[in-house]
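**Q** Quick one: sequence plus predicted model below, questions after.
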Amino acid sequence: AVFVDVEKQLLIYFRMGNLSEGTPIPWPELKKYCDHVRENGIIQLINLFLKLKDREKDGLKWGDEVECMLVEFDDEKKTAKLSLTGKEALELLNSAAKDWKQTSAGTAKWVPEFGRYMVESTPGEPYEADLSCFLRVEENMALRRAQSKAVLPKNLSLLTLTVFPRLGCPSFTSPETHPNPGGDVTKSLFFPDEAINEHPRFAALAANIRRRRGRKVEINVPIFHDENTPSPFVENFGELQEGDPEGGRAAREDHIYMDAMGFGMGNSCLQVTFQAESIIQAKELYDHLCALCPIVLALSASAPVFRGYLSDVDCRWNVISKSVDCRTPQEYGDVPLTEGNMRIDKSRYASISSFLADNNQNRDEYEDVPLEMNEDVLKRLLDAGFTLKLARHFAHLFIRDPMVVYKEFLEQDNENDTDHFENLQSTNWQTMRFKPPPPDSDIGWRIEFRPCEVQLTDFENAAFSVFIVLLTRTILSFNLNLYMPISKIDENMERAQLRDSLNTQKFWFRKYLSDEKPVAFADTDDEDEDENENDQHHDEKNERMSAMDMMAAVHEKLVIHKERLGANTTTTTPVPSSVCEEFQKKKKEAGEEVTKECKFSDCLMDEFTINDLINGADGGFVGFIPMIKQYIRGMVMDIDTRFALERYLSFIGAKASGEISTTATYTRQYIRSHPAYKKDSVVSDEINYDLLRHFQRISDGLECTSKLMGKYCKCDKCHCK
């Protein structure tokens with residue numbers, strides 16, 4: 001988002017400049033225009049590709065997107081509700097951003113989101129490739145928070161919450177609204193249509209998804225069974241079901257039932273978008289970062305409460321996936337297929353299903369999940385010069401129907417417009433998004449990292465953003481190989497969402513990131529982890545060493561190992577015998593069948609804790625933080641930048657080790673220790689108020705957060721300093 005001029009962004013995604021003209025087409029009338037949108041969308045994509053496929057040497061720019069919720073506090077009644085004043089708040093915030101005094105923190109931009117109680121903020125301009133930009137990330141986030149405090153009413157706070165704990169409970173909005181099960185948008189028993197953004201795009205999206213699938217969305221999250229939680233846990237929806245023939249029949253025993261798009265799209269997240277130097281680099285980054293999506297999701301887990309109940313999961317991902325799942329019963333696999341239909345394995349909001357890059361690291365066997373494709377689109381893209389892997393990616397996106405089409409914009413100039421393409425591209429919400437340059441702009445090929453849950457403070461959100469960016473730099477600089485079977489990534493996504501997955505789960509990952517452990521990283525120590533004065537005065541030899549010299553030295557060692565293990569050969573290269581023998585030995589010791597040949601991915605995969613993956617393990621996985629430190633150690637930078645990077649990395653490392661709680665674990669512990677909690681999994685209005693007031697004071701630096709942030713707590717009166 002930060003790479004597109006705001007007016008253009010709003011025009012493309014929201015049509016804000018044409019509210020009086022734009023008329024969304026309702027399903028099923030829209031059904032007869034789906035082929036028209038796909039046909040013209042693919043022409044627009046081909047035209048765009050042919051113009052820009054050779055574009056290169058763009059700078060490694062990047063930016064963050066932080067979604068926020070407007071929470072209204074009533075200190076007399078002890079309530080915290082979602083304020084449906086997003087439109088008014090947006091006007092105030094953009095006015096403040098426009099008039100704000102220029103500082104080193106940069107500028108900010110504010111845009112609407114799905115919920116009438118939501119806004120999204122971004123830096124006004126993308127960050128550049130230089131390392132000094134990392135100092136501005138937290139400053140810019142703090143600037144946005146300062147703007148909200150300056151213009152919003154005193155009883156209104158802009159909080160970076162992943163999920164509002166009582167979303168969908170009675171009277172959770174201000175002004176008070178009521179669900180409309182007999183209506184024509186969500187038909188929800190719990191989520192009022194009035195809580196959806198006023199712009200017709202959003203209500204049309206919710207309604208058309210429901211209409212296309214032929215029933216309400218079905219979301220069931222396992223309940224957390226506390227001492228007094230009924231077993232089995234079964235809700236009685238009673239009068240809520242009046243006027244709704246479906247009612248709550250999709251609710252499952254021992255689960256929290258939700259039935260509207262707002263339960264997913266009404267949540268918040270932190271996203272980071274990167275501009276690559278070229279289409280080739282963008283595809284490679286896309287592929288490698290896919291493996292890290294579940295890891296970052298588990299690290300950032302912030303959502304243990306849904307519809308006023310403690311759940312047995314810590315993340316929002318599957319909730320939002322189900323909230324926009326437009327698949328019909330045939331596509332879902334509930335009923336037999338008829339001619340012209342296909343099974344579709346995943347929701348349109350899901351993890352990726354294919355890789356993009358054409359290189360020797362990307363082996364065919366890694367794509368081991370179903371990849372449904374529009375065969376006509378695939379052929380046309382191949383004929384237009386797309387590589388097979390990139391053509392397969394877009395052919396997969398184009399199996400979907402468009403969900404929001406405006407009558408006034410059915411006919412477009414395919415040489416210059418891309419709205420039909422963006423219609424389908426922007427409503428395929430995968431863990432990673434591959435983004436072609438907008439037409440007639442100075443913006444390059446981009447990728448968007450999407451799984452991260454938003455954190456309570458600017459420091460935390462900055463730390464995650466910087467960590468993700470440093471990962472991209474490290475991957476590119478050391479030519480790391482993070483490819484693994486997509487089925488294992490999918491399995492990791494499920495594990496990442498489980499309660500306290502950070503401390504209880506192991507995750508599949510490659511044992512060797514260059515087909516064997518890089519010697520350059522094997523002996524990396526953590527002498528700079530304590531952030532003492534020695535951090536500010538690194539070895540003079542390292543300071544004098546240029547980035548290119550350091551990269552060349554490390555790359556030389558990596559190449560030696562790659563050549564020895566055959567990593568630079570084709571995808572049919574047999575597994576190196578030493579690695580294969582080790583794998584076969586372990587299988588034999590475990591009493592498993594031993595075959596003469598094994599898959600490359602089997603030999604190179606193992607299960608690791610997140611602490612192993614992030615911080616490294618003695619004699620095992622090297623760890624991403626040690627690799628990042630190896631990368632930045634050779635960079636010439638000022639003391640302030642180096643100190644800031646060390647703090648962010650140390651914080652992420654402490655989070656991975658379990659020294660610092662995830663926001664989900666912290667939230668769960670706060671609720672369970674609250675005096676009003678009855679150990680029945682219910683988060684009452686009183687608990688909700690105290691929790692969100694606590695979160696608001698944490699965000700403002702007024703209460704100690706040592707359990708949540710350890711020694712990085714920034715409160716004014718912190719006893720842990």
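**A** Structure received.
**Q** What lies in contact with the strand or helix carrying Val377?
**A** Under the criterion of DSSP states H and E, Val377 resides in helix 375-383. Helix 375-383 is contacted from outside by Arg38, Ile42, Leu45, Ile46, Leu388, Leu390, Ala391, Arg392, Phe394, Ala395, Phe398, using CB atoms under 8 Å, 6 or more residues apart in numbering. For the C-beta atoms, the positions are set from N, CA and C on the backbone; glycine is no exception.
**Q** That one: what's the following helix or strand?
**A** helix 388-397.
**Q** what comes up buried for that next one?
**A** Lys389, Leu390, Ala391, Arg392, His393, Phe394, Ala395, His396, Leu397 (16 or more other CB atoms under 10 Å).
**Q** quick one: low-confidence parts of the stretch 251-400 of the chain?
**A** Nowhere does the stretch 251-400 of the chain drop to pLDDT under 70.
**Q** Let me see the ranges of the strands in it.
**A** 255-258, 270-275, 305-306, 309-310, 349-350 (DSSP state E, counting those that start in this stretch).
**Q** Low-confidence ranges, the stretch 1-150 of the chain, go.
**A** For the stretch 1-150 of the chain, the stretches with pLDDT under 70 are 1-21.
**Q** what's the spacing between stretch 639-657 and its chain's center?
**A** 21 Å (CA atoms, centre = their mean, to the nearest Å).
**Q** Can you check which helix is longest in this structure?
**A** Ordering each helix of the chain by length in residues (DSSP state H) puts helix 458-478 first.
**Q** could you point out which element follows that one?
**A** helix 486-496.
**Q** List the buried residues of that next one.
**A** Ile486, Lys488, Ile489, Asp490, Asn492, Met493, Arg495, Ala496.
**Q** pLDDT and distance to Val469 added to those, as JSON lines?
**A** Shown next, in JSON lines, are these (pLDDT from 0 to 100; distance: CB to CB, whole Å):
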{"residue": "Ile486", "pLDDT": "97", "distance to Val469": "24"}
{"residue": "Lys488", "pLDDT": "96", "distance to Val469": "25"}
{"residue": "Ile489", "pLDDT": "98", "distance to Val469": "21"}
{"residue": "Asp490", "pLDDT": "98", "distance to Val469": "25"}
{"residue": "Asn492", "pLDDT": "98", "distance to Val469": "22"}
{"residue": "Met493", "pLDDT": "98", "distance to Val469": "22"}
{"residue": "Arg495", "pLDDT": "98", "distance to Val469": "25"}
{"residue": "Ala496", "pLDDT": "98", "distance to Val469": "21"}
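**Q** mind putting the residues you listed in a markdown table, distance to Asn341 included?
**A** What follows is these, written out as a markdown table (distance: CB to CB, whole Å):
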| residue | distance to Asn341 |
| --- | --- |
| Ile486 | 24 |
| Lys488 | 29 |
| Ile489 | 27 |
| Asp490 | 24 |
| Asn492 | 31 |
| Met493 | 27 |
| Arg495 | 32 |
| Ala496 | 32 |
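**Q** what packs against the strand ranked longest in the chain?
**A** Secondary structure of the chain per DSSP state E: the longest strand is strand 62-74. On a contact count with 3 or more CB pairs under 8 Å, 6 or more residues apart in numbering; DSSP states H and E, strand 62-74 meets strand 79-83, strand 118-123, helix 134-151, strand 156-159, strand 270-275, helix 458-478, helix 685-699.
**Q** counting contacts, what elements does the second one pack onto?
**A** Using 3+ CB pairs under 8 Å, 6+ apart as the contact criterion, the elements in contact with strand 118-123 are strand 62-74, helix 86-99, strand 108-112, helix 134-151.
**Q** and the third one, what other elements does it pack with?
**A** To tie it back to what came earlier, the one meant is strand 108-112. helix 6-13, helix 86-99, strand 118-123, helix 134-151.
**Q** As PDB, could you dump the C-alpha coordinates of that strand?
**A** Presented in PDB, the C-alpha positions along strand 108-112 are these (Å, rounded to 0.1, in the frame of the first residue of the first chain):
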ATOM      1  CA  ALA A 108       1.900   9.200   7.700                       C
ATOM      2  CA  LYS A 109      -1.100   8.200   5.600                       C
ATOM      3  CA  TRP A 110      -4.400   6.800   6.800                       C
ATOM      4  CA  VAL A 111      -6.900   4.600   4.800                       C
ATOM      5  CA  PRO A 112     -10.200   2.900   5.500                       C
END
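**Q** Tell me which strands that strand pairs with, and in which orientation.
**A** With DSSP bridges as the test, strand 108-112 is paired with strand 118-123 (antiparallel).
**Q** Dump the partner strand to CSV, restricted to CA.
**A** C-alpha atoms of strand 118-123 as CSV (Å, rounded to 0.1, in the frame of the first residue of the first chain):
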residue,chain,number,x,y,z
MET,A,118,-11.1,0.3,11.8
VAL,A,119,-8.4,2.4,10.1
GLU,A,120,-5.1,1.5,8.6
SER,A,121,-1.9,3.5,8.9
THR,A,122,1.3,3.5,6.8
PRO,A,123,4.3,5.7,6.5
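**Q** what's the spacing between Lys98 and Glu125?
**A** 14 Å (CB to CB, to the nearest Å).
**Q** ditto for Gly653
**A** 30 Å.
**Q** residues touching Lys346, list them.
**A** By CB under 8 Å, 6+ apart, the neighbours of Lys346 are Ser321, Ser353.
**Q** for Leu424, same thing?
**A** Counted by CB under 8 Å, 6+ apart, Leu424 has contacts Val37, Arg38, Gly41, Leu397, Phe398, Arg400, Pro402.
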